[in-house]
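> 3D model of this:
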Amino acid sequence: MLDVISIGAATVDIFVKSRDFLVKDNYLSLPLSSKNEISEGLICSGGGATNSSVAFSRLGLKSACLSLIGEDLLSQYIYQDLRQNQVDSSLIISQPNDTTDYSVILVTSDGSRTILTNRGPTHLESRHFNWELLKNTHWFYTSSLEGNLDLLEQLIGFALENNIKIALNPGNRELKQKARLLPLLPHLDFFLLNQTEAEDFSGLSASDPQFWPKISSSGAKICAVTNGRQGAHVFIQDQKYYSPILNVIPIDETGAGDSFGSGFVAGLIHGLKPEDALFWGIKNSASVVSRLGAKPGLLTLNQIRS
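Below you'll find the model as predicted:
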């Protein structure tokens, strides 16, 4: 029996950090036709499903990754990372003749990043699932489904029928379909947004007195809002918990949301109270942003408990 199945995107991430990146007025640039040095680089698996499944495994849980990838050389990075982290990859679907999605992530000296993504034809659909095998878990951790709310509705219905808890960290394509997404929220055990997403979703600025009440009444059993270097809030009905970030030097902010959400849910699975699970999310995220890439900084169970 699995503790959690992570469902969503699997990509190959190519990280490039350079002291030559110029940042001005929120734009990143390089001189045209120039040659520049890479100060640090990394090629590894990425995407919400691989990032969270590895996080769960390192935190002592039996996890699996369910994604759709191509059958090409890039896909080997994904399988290799999952194997090294004891993640069950048997639910991954490889499409012959398709290419695996990849991203080039440009990282500046202060840890900010700009992401260029190549999305191929690999989009998860209901027909790719062996639904009988999905009964073999206690949790679904669902990240972006590239806007496929039909699939999200099926996953939620299946979870309800089979006593499986479900977490959702949606992507922009899901959030743009607010009218369809809102009725699904009361069925979620955990709903995660960053503050920019929460502002867009609620139609209110975080400075508006009605912003936090509206977020807390979204319908999900537990709702969390992260705000980068300003920490995170967690809402459970009329209870609100807040934690600032830990004092770390950010190297790369990629994977901060994935590590927070998976750290929080892992805490719940291990039996922690939500306010203690919040600290697990904060601690896991702080460790991740102190390293290049979304996985090298993910904590083990002993590390997060220390």
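> Now do the same contact list for L152.
Residues in contact with L152 (CB atoms under 8 Å, 6 or more residues apart in numbering) are T142, L145, L168, E174, L184. C-beta here means a position set from N, CA and C on the backbone, and glycine is covered the same way.
> rerun at 6 Å
Listed by CB atoms under 6 Å, 6 or more residues apart in numbering, the contact set of L152 reads L145.
> State the phi and psi torsions of it.
Torsion angles at L152 (phi, psi; degrees, to the nearest 10) stand at phi -60, psi -40.
> Mind telling me which residue is nearest the centre of the protein?
Geometric centre of the chain, nearest residue: D258, 2.9 Å, by CA atoms, centre = their mean.
> Just give me the neighbour total for the nearest residue to that one once chain neighbours are set aside.
Nearest non-adjacent residue to D258, counting by CB to CB, 6 or more residues apart in numbering: N51, 3.9 Å away. The tally of other residues near N51 (other CB atoms under 10 Å) stands at 33.
> Under the pLDDT cut-off, which ranges of the stretch 1-150 of the chain? List them.
Scanning the stretch 1-150 of the chain for pLDDT under 70 picks out 121-122.
> cool, and the stretch 151-300 of the chain?
For the stretch 151-300 of the chain (pLDDT under 70), the answer is none.
> now the strands for it?
With DSSP state E, counting those that start in this stretch, the ranges of strands along the stretch 151-300 of the chain come out as 165-168, 190-194, 223-226, 232-236, 239-243.
> Which secondary structure elements does the fourth one sit against?
The helices and strands touching strand 232-236, judged by 3 or more CB pairs under 6 Å, 6 or more residues apart in numbering; DSSP states H and E, are strand 223-226, strand 239-243, helix 274-289.
> What's opposite L193 in the beta bridge?
Beta-bridge pairing of L193 under DSSP bridges involves V225.
> Quick check: it touching V225?
Yes - applying CB atoms under 6 Å as the test, L193 and V225 come out as touching, 5.5 Å apart.
> Give me the more crowded residue out of those two.
Ranked by neighbour count (other CB under 10 Å), L193 and V225 place V225 first, with 27 against 23.
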